[in-house]
Each structure stands twice: as structure tokens, then as C-alpha cells.
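**Q** what follows is a predicted structure for the sequence shown.
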Amino acid sequence: MEKSRPLWANPLQFVFACISYAVGLGNVWRFPYLCQMYGGGSFLVPYLVMLIVEGMPLLYLELAVGQRMRQGSIGAWKTISPYLGGVGLASVVVSFFLSMYYNIINAWAFWYLFHSFQDPLPWSVCPLNDNHTGYDEECEKASSTQYFWYRKTLNISPSIQDSGRVQWEPALCLVLAWLVVYLCVLRGTQSTGKLEQLANPKAWINAATQIFFSLGLGFGSLIAFASYNEPSNNCQKHAIIVSLINSSTSIFASIVTFSIYGFKATFNYESCLNKVILLLTNSFDLEDGFLTASNLEQVKGYLASTFPGKYSEVLPQMRNCSLQAELATAVQGTGLSFIVYTEAIKNMEVSQLWSVLYFFMLLMLGIGSMLGNTAAILTPLTDSKVVSSHLPKEAISGLVCLVNCVIGLVFTMESGNYWFDIFNDYAATLSLLLIVLVETIAVCYVYGLRRFESDLEAMTGRGLNWYWKAMWAGVSPLLIVSLFVFYLSDYILTGTLQYQAWDAFQGQLVTKDYPPYALAVIGLLVASSIMCIPLVALGTFITRCLKRGDTPPAA
Amino acid sequence: MPDAENAFKVRLSIRTALGDKAYAWDTNEEYLFKAMVAFSMRKVPNRETTEISHVLLCNVTQRVSFWFVVTDPSKNHTLPAVEIQSAIRMNRNRINSAFFLNDQTLEFLKIPSTLAPPTDPTMPIWMIIFSVIFCIVIVAVMLLIFSGIRQRRRKSKGPSEVDDTEDKCENMITIENGIPCDPLDTKGGHINDVFMTEDERLTPL
């Protein structure tokens, strides 16, 4: 009789775990950016369509597989077909890559959180230069929030080639972040994480992708969670609930983010105006307080006509202040979280309180996602007899956390942020699409849709709606294939990959090409997870051939 | 006189600084300014005899801005800029407060102000908070590990022992016959399905 599998105490815990996994940083920093780029409210249309057509069916599929097979991703897919153990392995590999780089975000959140207990907030003022006559040059050229992010937090190098040393402050925060994750997974891995990824233009492509990655499909985390379910659990209902809550959180986060954008844009616009006013007042010795925002244009015209020579001297220094331009600067990712939001926060009343709350929220989201991720790695490990017979659970968790922490120290180096961007952009995109595609095809055509349907009926006592069958068998795989084709062609067409590097002298980001070894790392990241699938299939085929000396039947 | 060798331009932003309580800039205020400059110069060794009449203002604009020089007692030539600069820098606070202004609203162009260095505590605040959280987490980890080891030892001694599954992060428990068991228990699943309850706390068939 099989060893009794640990269970969730009640279905609600499972739902909360899934939500905690699915709702993560992507809801906060990716979705609002997409909304802004693709027409605001109208982005919701492709998003909701993709949610219903792609997100929910695939989420339900993963939960159903986990609940039916009652094992982590590797075991579950091996049960479906011995040749498909590679799918589970690929999931674990991708999860491993994710856990390597994801926790550095939590480390940064901790760093900012600890620095929020100061007055004034350290990112709201520029430090002084050496002889105390003015402010630091880099800080003047950029802004104090950018300076704090690029110089104080990351101590970023000018390009990916200049590695620099490991910075001990973020390294400490990383160690702390891993300790917190270890604390939570020490005895049992039940939380979920969230994942988000992304690529390029086209609102529908992005909506499809956002839904896909936002729900965390393909990592094996959902399978892991569902494997701890009662077989009779109504995972169909839960799949719908989790995906709806995930999307509502994204939409809610967008509302908040848009108000932050608006606040920041207004504030910057007004400071810009004030700078222009000051410049004109000083150059033409106008009466102090005479120039205001309302009469600025009039006075500019008057000055241009009365003192044309002097005006043309001053003109190059005057910036054209536009509220539209400020609003149009949409940012995503770490830039949004650590630069834009901090800039908005520093101008609020009681900024320390908002700062603490905000970074605490980021930490909650980030740690929630990390736990889900670690679950994806630990569940197959603890399921496997080989590993769990030699080491107790605490040791396995500890080892995984330690290895990830040590590798994660790479991201605390001076060039760490560039490597972070590489991992963030490439570690999980193509691989996940392929993994989920193979999963869908495996369940529908290899295991057999009818067989799976009767399994589910026997398990949950409820029949399978025609809608799910249609999606699993036809629509979702087609959608994934088209996404995959789009991604590939986009990468091929763009040619050399480029990245944004911080130039300390100019105080802004510049575009540079990746050196060859960075491109090799990218290729390796994508290939290593994808290759698991054919390699394991091949391996199983060969072992069976050798064992039986005969062509084995297809599973 | 503007742009003369030892002349300095001064710029005041009274309305920006004081808003409604702004005072008008008139000849009396100019007199006060001259007095403050003379006062600053008198503090310099060798220049104790500087009088208010030695300070000359000109080109007063509506801004309010003007140029000034300080002449020597013979009124033949102006005092070197370096001396004036250091004198003003040393008494900047007094001059500012005489006019209810600060370094940004009472500007002496070409005389940079010394900015106050930020107070640097001996131990950065973030380190303190970090150390606190770090210690708490380490303690919690140790507790969990040791309680896990103890449970396993107790299990190997007495298999029918009942254990608490405590820990806030531990959110799954197997219930057999209504008794919570430790997830590390590898006893194998003897499940009595007579005890199937409505909220399905037991594993069903």
C-alpha cells in the first residue's frame, strides 16, 4: 500500500496556496505596464478572452493532473507515460532557474524595507560631493531615486563584462531572504509562488503570454500543490476561482499603479514648470513670484519678442514640460518597483509608513512566489525514493536553499543586475511554452482524453464539461503553438540581443550588445530545460530496448 | 560695476521664502544688507575698520538682485574677492537670519554654500533592523529543526505517540482515525474509511 500522502487540512488552504503562488510581483509590475502600453482599459478585452480560452483550461488541466496522479511533476508525467518523465524534469529545471534568480528581488525588497526606517528616506536626498559644496554628480544628472537604486543598492558596473566583486550588503539580504524561505519550506512545502514573464508588442500576444505566465503554468508548482489534494476535491471550481482572483488582483494593482503614475507625472510636471520659471526669473531679473504656471506661455512670448538675443541664449536650457510626456513614460519590472514607486512615495506625507507598507507587500508577494517555486523543486525530490531515503526532509530543503543561495550571490555582484535581466527574460519563456504544450498533448493524446475524463469522474464524482475538452484538445495547444512561433520568429528577426546598461557619467541607461558568452548563457538556459524532454524520452526508449531487446509499445 | 573683478551678484527670492509675509525690498533693507556685509568684513583680521559706507550696491532689479563691492577705507580700490568670499561664508547664517531667508533664497552667486553633511550614525540603522530580523529567523529555524529531530527520535522509540503539528508554515496534516500525524511518518497508509466525515478530513477510498 502506498505511503499515506500528506494532505491539505481543508480545501481552502489549497486554494489560498494556489492564489498565493499565482498572485505575485507580475501582477504589480507587469500587468499595469501592459495595460498602459496597449491602450489602458481596452487591454482588458484580449486579457479576459485569453483568460477564458487559455488560462483557466490549462490551470484546470495542471490541477487535475496533480490531483489525479498524486505526485509531483516528475512522477505525475512518468505515470502518464514513461517517456514523458522529461516533462516533469524540464519543469523542475525551469523552477530551479527561477528560484536561483527570483529571490534576489526579495533581497532588494528587504534592503529597501530596512532603509525605510530613516528620516529622511535615503532615496529622497542626494548625498553630498567630496568638498560639501554641492551634491554628488551622478545623483544630480539622474535623480535621487535612480541614484539610490543603481549606486547604493546595486553598485552597478557600466557593462555586463565588468563583473566587479560581490557586494556584501545585498549578499546579506539575499542570505536573509533564503533563510526566510527555508523557514517556511522546512517542514512542508505548501505555498505557491507566482511567475510572470514576458516579451514583445502585440496586445493579444502579450495578453496570452501574461495570462499564461501569471498563473504559473508549467513549473510543476501547481501539480505539486494539487498532488496533496483529496482525490475528490473539486479542482474545476478551484481552477476558476484561482484564475479569477489572480486576474482581479492584476486589475486592482493596475488601478493603484495608475494612480501612482498620475501622482508622479503631476509632481514631475510641476517641478519641471518650477525649474523653467526659476530659470526665466533669474535670467531676466523678473520680479520674484511674477511668473506662474498660468502666465508662463504669455510671458515667454513677450520675452522672446522683447529680448530675442538673451532669450535664444536661455532657450536650450529650457525643457518643454508636458504632462502627456510624463504620463507616457511607462516602466515595468524592477524599474517600476524600485524607482518609480519610491519616487512617488518620497513625495507623500508620512513617507516612511508608506514605504514600509509597500516593501512589506512586495516581500509578501515575492516570498509567496518563492515558496511555490521551491515546492516545485522539493516535491519531486521528496517523492523520489532515492533522495528521501538518504536524507531527512529538513536536509533536502536546506541543501536546495543553500545551493540556490550560493548561486544567487552572482546576482549581488556589480554586474549582477544584468545577469538578473538575462535570467528574467530568458530562463522561463520559451521553455515554459513548450512544457505546457507537451503537457496538454500528453494528457489529451498520449494518456487519452477519454481515459482522463473517466478518471476525473471517478475521482471527483463530477463529469467533465465539453468546454474543457474542447479547449484542452484543440484551442489551447493551437494558441500555445502560435505564441511559440511568434516568440521564435521575433528572436530570430531581432538579430543580436541587446540590453540596457547604466552609464554613471551620463546618469541614464544606454543600450549595449550582449557579449558572446552572455549569448551562450542565454542559449544554455533555454536549451537545458527544453532538451530534458527529448533526452529523457530517448533514454527511456534505449533502456527499454536494452531490457527487452524489442521495440516497446508506445505508452 | 556688474561683472567687475571683485563684485558679487546677490539674488533674493523673498516671496518664494515668505509667501504672504514677504516684505518689500526698499532702501532700508539695502542699508541692513550693507551693514551685514560690513559686519562680516569687520570680523576679518586687518579689516576691522570697514564701514557701511564702504559697501556699494548697484543695479538693483525687481527680482530682487543687485551687485555689490566692498572698498577699502581710501575708497580707491575694491577689496579682493577671496577675502569677501571667505568672510561671507563664515557669517552666512547670520546674514541669512537677518533677512529670514536661507541659502537657497538669498543667493550669493560665485560663493558656494557649505552644505550640512548628513548625520551618519556609527551603526547604520538598516543594519540594526537587519540583525534583529536575522536573529529571529535563525532562532525560528533552529527551533523547527530541533523539534523535528526530537519528533523523529520519539517516533523511533514509540510509534503510537501523538504529536502536535504546530508551526504556522506547516499547513497540512494527515488525519488518521482523528489523530493528527507527522508528515514524516512513513508508517504506510492504514486508513479506516469508517471514519469518513463530511468535511472529508480523512483520505477517502
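**A** Perfect, I can see it now. Predicted model only: the values in this text are computed from it and were never measured.

**Q** every contact and neighbour count from this point should use C-alpha atoms.
**A** Will do.

**Q** do you know how far B:Y23 is from A:D490?
**A** The spacing between B:Y23 and A:D490, counted by Cα to Cα, to the nearest Å, is 66 Å.

**Q** check B:L79 too.
**A** The value you get for B:L79 to A:D490, if Cα to Cα is used, is 71 Å.

**Q** who's more crowded, these two?
**A** B:L79 (20 against 13; other Cα atoms under 10 Å in any protein chain shown).

**Q** is it true that that one touches B:T71?
**A** Yes - the pair B:L79 / B:T71 is scored as a contact, 5.5 Å apart, by Cα atoms under 8 Å.

**Q** what residues does the stretch 251-400 of chain A have near chain B?
**A** Listed as neighbours of chain B in the stretch 251-400 of chain A under the rule Cα under 8 Å from any Cα of the partner chain: A:T281, A:N282, A:D285, A:L286, A:E287, A:D288, A:G289, A:K393, A:E394.

**Q** turn those residues into CSV, including distance to B:I52 and pLDDT.
**A** Shown next, in CSV, are those (distance: Cα to Cα, whole Å; pLDDT from 0 to 100):
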residue, distance to B:I52, pLDDT
A:T281, 30, 85
A:N282, 27, 83
A:D285, 26, 80
A:L286, 28, 80
A:E287, 27, 79
A:D288, 27, 78
A:G289, 30, 76
A:K393, 86, 80
A:E394, 82, 83
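
**Q** can you flag which of those residues belong to helices?
**A** A:T281, A:N282, A:K393, A:E394 (DSSP state H).

**Q** ok, and the most crowded of the residues you listed?
**A** A:K393 leads those on contacts (other Cα under 10 Å) with 22 neighbours.

**Q** residues in contact with A:I74?
**A** Counting by Cα atoms under 8 Å, 6 or more residues apart in numbering or on different chains, A:I74 touches A:G85, A:G86, A:V87, A:G88, A:L89, A:V92, A:P380.

**Q** looking at these, spot the one nearest A:A473.
**A** The nearest member of the contacts of A:I74 to A:A473, counting by Cα to Cα, is A:V87 at 18.3 Å.

**Q** what's the closest non-adjacent residue to that closest one?
**A** A:I533 (5.3 Å; Cα to Cα, 6 or more residues apart in numbering or on different chains).

**Q** so where's the stretch 101-250 of chain A shaky on pLDDT?
**A** Across the stretch 101-250 of chain A, the ranges flagged by pLDDT under 70 are A:188-203.

**Q** chain B contacts on that one?
**A** Applying Cα under 8 Å from any Cα, one finds that the stretch 101-250 of chain A approaches chain B through A:111, A:114-115, A:117-118, A:127-128, A:132-134, A:176, A:179-180, A:182-190, A:230-231.

**Q** thought A:I367 was touching A:I104?
**A** No - when contacts are counted by Cα under 8 Å, A:I367 is not listed as touching A:I104 (10.7 Å).

**Q** that older thread, now, the residues of the stretch 101-250 of chain A next to chain B that are in helices?
**A** Filtering these for helices - DSSP H - leaves A:W111, A:F114, A:L176, A:L179, A:V180, A:Y182, A:L183, A:C184, A:V185.

**Q** next, count neighbours for A:S42.
**A** So A:S42, with other Cα under 10 Å, has 12 neighbours.

**Q** and what of A:S454?
**A** A:S454 sits with 15 neighbouring residues when counted by other Cα under 10 Å.

**Q** quick one: buried residues of the strand or helix carrying it?
**A** Secondary structure assigned from DSSP states H and E places A:S454 in helix A:449-460. Counting neighbours by 16 or more other Cα atoms under 10 Å in any protein chain shown, one finds that the buried residues in helix A:449-460 are A:L449, A:F452, A:E453, A:D455, A:L456, A:M459, A:T460.

**Q** and that helix, is it in reach of chain B?
**A** No - against chain B, helix A:449-460 shows no contacts by Cα under 8 Å from any Cα, the least distance being 9.9 Å.

**Q** what are the buried residues along whatever helix or strand comes next after that helix?
**A** Using DSSP H and E, the helix or strand that follows helix A:449-460 in sequence is helix A:466-470. Residues of helix A:466-470 classed as buried: A:W468, A:K469 (neighbour count, 16+ other Cα under 10 Å).

**Q** tell me what the next helix-or-strand element following helix A:466-470 is packed against?
**A** Using DSSP H and E, the helix or strand that follows helix A:466-470 towards the C-terminus is helix A:476-494. Applying 3 or more Cα pairs under 8 Å, 6 or more residues apart in numbering or on different chains; DSSP states H and E, we find helix A:476-494 packed against helix A:203-214, helix A:429-441.

**Q** and the contacts of stretch A:499-511?
**A** For stretch A:499-511, using Cα under 8 Å, 6+ apart, the contacting residues are A:138-139, A:141-142, A:150, A:156-160, A:418, A:498, A:512-514.

**Q** now, these that are in helices?
**A** For the contacts of stretch A:499-511, secondary structure assignment (DSSP H) places A:E138, A:C139, A:K141, A:Y418 in helices.

**Q** so what's the first one up against?
**A** By that I understand A:E138. Contacts of A:E138 (Cα under 8 Å, 6+ apart): A:Y147, A:A504, A:F505, A:Q506, A:G507.

**Q** thinking again about what came up before, Produce a PyMOL select command limited to the buried residues of the contacts of stretch A:499-511.
**A** The following PyMOL line selects those of those that are buried, judged by 16+ other Cα under 10 Å:
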select buried, chain A and resi 138+139+142+150+156+157+158+159+160+418+514
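
**Q** farthest-separated two in the contacts of stretch A:499-511?
**A** The most widely separated members of the contacts of stretch A:499-511, counting by Cα to Cα, are A:C139 and A:Y514 (26.7 Å).

**Q** for chain B, what's the nearest residue on the stretch 401-550 of chain A?
**A** A:M459 (9.9 Å; Cα to the nearest Cα).

**Q** isn't that residue right up against A:R68?
**A** Yes - counting by Cα under 8 Å, A:R68 is a contact partner of A:M459 at 7.3 Å.

**Q** can you list the low-confidence ranges for the chain?
**A** Picking chain A for this. Looking at chain A by pLDDT under 70, you get A:1-3, A:188-203, A:328-332, A:495-496, A:550-555.

**Q** can you look at chain B instead?
**A** Across chain B, the ranges flagged by pLDDT under 70 are B:1-2, B:116-123, B:158-205.

**Q** and the helices in it, which stretches?
**A** So, for chain B - with DSSP H - the helices run B:14-18, B:27-42, B:81-90, B:92-98, B:125-157.

**Q** can you redo those helices as CSV, where the extra columns are distance to chain A?
**A** Listed next are those as CSV, based on distance: least, Cα to the nearest Cα, whole Å:
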stretch, distance to chain A
helix B:14-18, 6
helix B:27-42, 16
helix B:81-90, 12
helix B:92-98, 14
helix B:125-157, 5
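
**Q** for A:A22, find the nearest of those.
**A** Nearest to A:A22, of those and by Cα to Cα, is helix B:125-157 at 25.3 Å.

**Q** run the chain-centre distance for that closest one.
**A** How far helix B:125-157 lies from its chain's middle: 34 Å, per Cα atoms, centre = their mean, to the nearest Å.

**Q** in that helix, what's buried?
**A** B:W126, B:F130, B:F134, B:V137, B:V141, B:L144, B:I145, B:G148, B:Q151, B:R152, B:K155.

**Q** what of stretch B:14-23?
**A** So, applying 16+ other Cα under 10 Å, buried residues of stretch B:14-23: B:I14, B:R15, B:A17.

**Q** now those residues in a markdown table, please, with extra columns for distance to B:R89.
**A** Shown next, in a markdown table, are these (distance: Cα to Cα, whole Å):
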| residue | distance to B:R89 |
| --- | --- |
| B:I14 | 20 |
| B:R15 | 24 |
| B:A17 | 21 |
